[in-house]
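Peer 1: Got a sequence here, can you model it:
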Amino acid sequence: MAGSNFGGSDEGFFSEINITPLVDVVLVLLIIFMITAPVIYQSAIKVQLPKTKTGEGQQKSPFQFSIDKSGDLHLGEETVKDWGSLPERIAKLGAGKDLTQETASISADQTAQHGQVMKLIDLLRQSGITRFALNVESSSPAK
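Peer 2: Next comes the predicted model:
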């Protein structure tokens, strides 16, 4: 008989694929990516936040703005070349939302000019966003 065991019994055959090692490897990779993803995301735009003793954690918002030490403005991961186009971009991003209830999160490098931060806040107010969170790095010791 073709394909039959010479002894006549199926006792010696192992016909299933053992996927336990595959699942183990996939779970280890998943854990590694979960740990490294926030580090990669936060270091995408180099901003050295000012250190304070009374600062709170960073706000999560769809309106994440950064001003780096060279004065470049970023909306999320994208660099904004023309500051004048910012109200239109905010209107597209906030379509269907009540912008007065949204909070804009601003991360400005500690060497960024105060005037640039104020210019951003002014443009955000013109766009309808009136709530802001200025991100800082807490220098207080962990409790």
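
Peer 1: what's the distance between I90 and W83?
Peer 2: Distance of I90 to W83, computed by C-beta to C-beta, to the nearest Å: 12 Å. The way it works is simple: take the backbone N, C-alpha and C, and place the C-beta from them, glycine included.

Peer 1: same deal with L120?
Peer 2: As judged by C-beta to C-beta, L120 and W83 stand 8 Å apart.

Peer 1: Same check on R131?
Peer 2: Between R131 and W83 the computed distance is 20 Å (C-beta to C-beta).

Peer 1: who has more neighbours, L120 and W83?
Peer 2: Neighbours were tallied for L120 and for W83 using other C-beta atoms under 10 Å; the higher tally belongs to L120 (22 against 12).

Peer 1: My read is that the more buried one contacts A112, right?
Peer 2: No - look at L120 against A112 with C-beta atoms under 8 Å: they stay out of range, at 9.8 Å.
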